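Engineer: predicted model follows, preceded by the sequence.
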Amino acid sequence: MQQLSQRAMKQSLHHALLLKGAKGIGKTEFAEQLGQFLLCVNKGVSAHTVAAKRHLAPCGHCQSCLLIAAGNHPDLYEIRSEKQIGVDAIREAIKKLSGSAQLSGAKILIIHDAHTMTESSANALLKTLEEPTNNTFLLLLSHQSERLLPTILSRCEKVALPSPTRQGCIDWLSAQGYSNVDDVMLRLYGTSPLELKEHLKSPPKVGYNEVVENIGYLSLGTLNAAVLATKWQDDAITIVQWLQVWLVEQLKTGPHNIDALWEMQKGCISANEQLRNPGVNKSLVLVNVLQSIAQR
């Protein structure tokens with residue numbers, strides 16, 4: 001953040017930044033803090049950090065900062081979508097950016113999950129990326145930047161945000177009031193602390209140990225995969241993730257049929273993608289994965 005802030009003060013910050021990194025590491029918070037800094041009228045040096053080190057920061061008191069805190073800054077635009085970002089959303093944002101800043105400062109557009117832009121919406125953004133209006137900044141966020149069109153990637157400066165270390169994640173969670181986090185949860189979400197925190201707020205109904213126990217029953221033939229899939233379908237995504245953790249453990253402990261385990265892992269990856277599609281038959285997706293494990 002400090003390097004970008006320093007470049008902004010020197011007016012050498014690239015107008016289009018691609019903030020990329022794992023899901024749940026704080027890309028949204030990073031982008032919003034950078035956006036506030038760029039919009040702040042009195043941005044400068046502050047000593048208000050945990051380590052009491054001086055750093056560049058927004059003032060927090062000017063009209064821009066107060067409007068951002070209230071959630072209604074007229075020159076800060078954000079695009080979000082639970083599915084795909086369509087061309088209409090991009091065109092509307094570009095229209096807003098094309099005019100003068102209402103507060104006579106910068107204009108900021110934050111595109112969340114930029115990789116969900118359709119080809120049409122990505123192409124609609126290209127001209128703005130190539131020829132931005134004065135003092136305009138575009139911040140694209142993505143945890144799957146490889147899905148972005150090459151033409152978009154080539155016009156953005158890439159800013160890779162690192163995932164935290166395991167200990168860093170534990171320390172952060174402890175500061176948030178979550179100590180003694182289950183080791184399996186850390187393995188599953190340790191690189192995405194914000195996601196892990198959400199899961200800790202509302203723990204999954206089906207725990208890892210329960211999944212492992214039922215895998216044993218499936219292998220013995222004393223439990224039917226279809227029955228188990230029906231029981232677990234409401235938590236299908238979590239179940240598949242637990243299965244992936246179990247498969248990794250199998251690979252570590254050996255000896256096993258490595259090829260078979262890798263095929264099951266590929267099946268889990270495919271299941272994860274299918275389960276994120278609206279209207280998918282979760283029970284059917286889950287039963288296919290469970291049957292492959294039962295037949296290993």
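Structural biologist: Thanks, I have it.
Engineer: only C-alpha atoms from now on, for both contacts and neighbour counts.
Structural biologist: Noted.
Engineer: mind listing the strands for the protein?
Structural biologist: 16-20, 44-46, 55-57, 76-79, 107-111, 136-142, 157-160 (DSSP state E).
Engineer: relative to Gly35, which of these is closest?
Structural biologist: Closest approach to Gly35 among these (Cα to Cα): strand 107-111, 6.4 Å.
Engineer: any idea how far that closest one is from the middle of the chain?
Structural biologist: 17 Å (Cα atoms, centre = their mean, to the nearest Å).
Engineer: which intervals of the stretch 51-200 of the chain have sub-threshold pLDDT?
Structural biologist: Applying pLDDT under 70 to the stretch 51-200 of the chain flags residues 51-55, 190.
Engineer: related to what we said a few turns ago, now mean neighbour count and distance to Glu119 too, for the strands of the chain, in CSV please.
Structural biologist: Putting these into CSV (neighbours: other Cα atoms under 10 Å; distance: least, Cα to Cα, whole Å) gives the following:
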stretch, mean neighbour count, distance to Glu119
strand 16-20, 22, 17
strand 44-46, 14, 39
strand 55-57, 19, 36
strand 76-79, 18, 16
strand 107-111, 24, 15
strand 136-142, 24, 15
strand 157-160, 14, 20
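Engineer: dump those into JSON lines; add distance to Trp246 as well.
Structural biologist: As requested, these are exported to JSON lines (distance: least, Cα to Cα, whole Å):
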{"stretch": "strand 16-20", "distance to Trp246": "29"}
{"stretch": "strand 44-46", "distance to Trp246": "48"}
{"stretch": "strand 55-57", "distance to Trp246": "45"}
{"stretch": "strand 76-79", "distance to Trp246": "37"}
{"stretch": "strand 107-111", "distance to Trp246": "36"}
{"stretch": "strand 136-142", "distance to Trp246": "28"}
{"stretch": "strand 157-160", "distance to Trp246": "30"}
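Engineer: which one, of those strands, ends up nearest to Leu66?
Structural biologist: Here strand 76-79 is closest among these (Cα to Cα), at 12.7 Å.
Engineer: contacts only, for Leu76.
Structural biologist: Gly35, Lys107, Ile108, Leu109, Ile110 (Cα atoms under 8 Å, 6 or more residues apart in numbering).
Engineer: what ranges does the protein have for its helices?
Structural biologist: Counting by DSSP state H, the chain has helices at residues 2-9, 27-39, 63-70, 87-98, 119-130, 150-153, 166-175, 183-189, 193-201, 208-220, 225-232, 236-253, 258-275, 282-294.
Engineer: buried sites along stretch 62-75?
Structural biologist: Under the neighbour-count criterion of 16 or more other Cα atoms under 10 Å, stretch 62-75 has Ser64, Cys65, Leu66, Leu67, Ile68, His73, Asp75 buried.
Engineer: give the contact list for the nearest residue to Thr116 once chain neighbours are set aside.
Structural biologist: Among residues not flanking Thr116 along the chain, Gln84 sits closest, at 4.8 Å (Cα to Cα, 6 or more residues apart in numbering). When contacts are counted by Cα under 8 Å, 6+ apart, Gln84 touches Thr116, Met117, Thr118.
Engineer: which of these ranks first by neighbour count?
Structural biologist: When neighbours are counted by other Cα atoms under 10 Å, Met117 leads the contacts of Gln84 with 24 neighbours.
Engineer: now do the same end-to-end measure for stretch 189-203.
Structural biologist: 13 Å (Cα to Cα, to the nearest Å).
Engineer: with stretch 249-264 instead?
Structural biologist: Length of stretch 249-264, first residue to last, Cα to Cα: 13 Å.
Engineer: quick one, domains of the protein?
Structural biologist: Recorded structural domains for the chain (assignment: automatic domain parsing) are 2-160, 166-201, 208-294.
Engineer: contacts for stretch 36-43 next, please.
Structural biologist: Contacting residues not belonging to stretch 36-43 are listed as 5, 8, 56-60, 62-65, 68, 105-108 [Cα under 8 Å, 6+ apart].
Engineer: many thanks, we can stop here.
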